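Engineer: would you be able to build a 3D model of this:
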Amino acid sequence: MMKKSWLLMSIFCLGLASAATAGETVHVDQKVKLYAKVGGVSGNLNSIGSDTMNNLMTYWAEGFNKVYPNVKVQIEGKGSTTAPPSLISGTAQIGPMSRAMKPTEIDAFEKKYGYKPTEIKTALDALAVYVNKDNPLKCLSLPQVDAIFSKTRKGKYKEDITAWGQLGLTGEWATRPVSLYGRNSASGTYGYFKERALYKGDFKDTVKEQPGSASVIQGVAADRYALGYSGIGYKTSGVHTIPLSFREERAL
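Structural biologist: Coordinates of the predicted model:
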């Protein structure tokens, strides 16, 4: 499952990409002028928003600091929902998000500043469903994923799934309950998974909501009977991803 990531900037667009590629040969449109370093740039630059973007933001910040070492860049990733209010209040100048701004968020920003925030699409991210490295599960269908994570079951799977035996696992796995891990509601990952994997349904109350993408992976890696969802960039050796199909027949 793919989703877009954005950088929303309250006042101006910084030359982060140019700084990140400093020293490398880059081919760009001839109409685009090369970035020219200016003097007197110093102070604080705060980024608050999606933790999915943390690794990219850190990479860009390191490149930016090579050009402007007197700027202190601070990156805080707690979820996409934290970006708009941070931009509006002025506590952040950059708001990374793994979803588009909602109309109400754009309106609130425009009401404060008199213009709309600048949106820059920066990347594509893939969400994955993870199990513990010891789990023998081979694949799942999206209706099954919905029946595992959602209490509304809008994917119309035949039954609620609570145990690994319902997914075809045998032996010690058959009666073991599925331990669920996911993101909290402040996360754009949470919203995207809810829309696409849960068919806009509601999560079960038993999902262990985590404050960050890495926390989901850590939980699944430490819990032998866990199932969770997170960004593909956070995959570790303690977990493995599960191939997904649209229809149940293809997942058998």
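
Engineer: tell me which residues touch Thr52, please.
Structural biologist: Applying Cβ atoms under 8 Å, 6 or more residues apart in numbering, we find Thr52 in contact with 5, 77, 80, 96, 98, 125, 187-189, 213, 231, 233. C-betas here are computed from N, CA, C, even on glycine.

Engineer: next one, pLDDT for it please.
Structural biologist: On the pLDDT scale, Thr52 is placed at 84.

Engineer: check Thr236 too.
Structural biologist: 96.

Engineer: do Ala251 as well
Structural biologist: 40.

Engineer: likewise Asn44?
Structural biologist: pLDDT for Asn44: 95.

Engineer: what about the closest residue to Asp51 other than its chain neighbours, how many residues nearby?
Structural biologist: Leaving aside its sequence neighbours, Asp51 sits nearest to Gly77 (Cβ to Cβ, 6 or more residues apart in numbering; 3.1 Å). Gly77 has 24 neighbours, counted by other Cβ atoms under 10 Å.

Engineer: tell me the contacts of Ile161?
Structural biologist: With contact set as Cβ under 8 Å, 6+ apart, Ile161 has these partners: 144, 147-148, 167, 178.

Engineer: one more time with 10 Å, if that's ok
Structural biologist: Neighbouring residues of Ile161 by Cβ atoms under 10 Å, 6 or more residues apart in numbering: 140, 143-150, 153, 167, 178, 227.

Engineer: tell me the phi and psi of Val71?
Structural biologist: Val71 adopts backbone torsions of phi -100, psi 130, taken as degrees, to the nearest 10.

Engineer: by mean pLDDT, point me to the weakest helix or strand of this protein.
Structural biologist: helix 16-20 (a mean of 35; mean pLDDT, DSSP states H and E).

Engineer: quick one: low-confidence parts of the stretch 151-252 of the chain?
Structural biologist: Scanning the stretch 151-252 of the chain for pLDDT under 70 picks out 248-252.

Engineer: now do the strands in the stretch 151-252 of the chain.
Structural biologist: Here the stretch 151-252 of the chain has its strands, by DSSP state E, counting those that start in this stretch, at 179-183, 208-210, 226-231, 239-241, 244-245.
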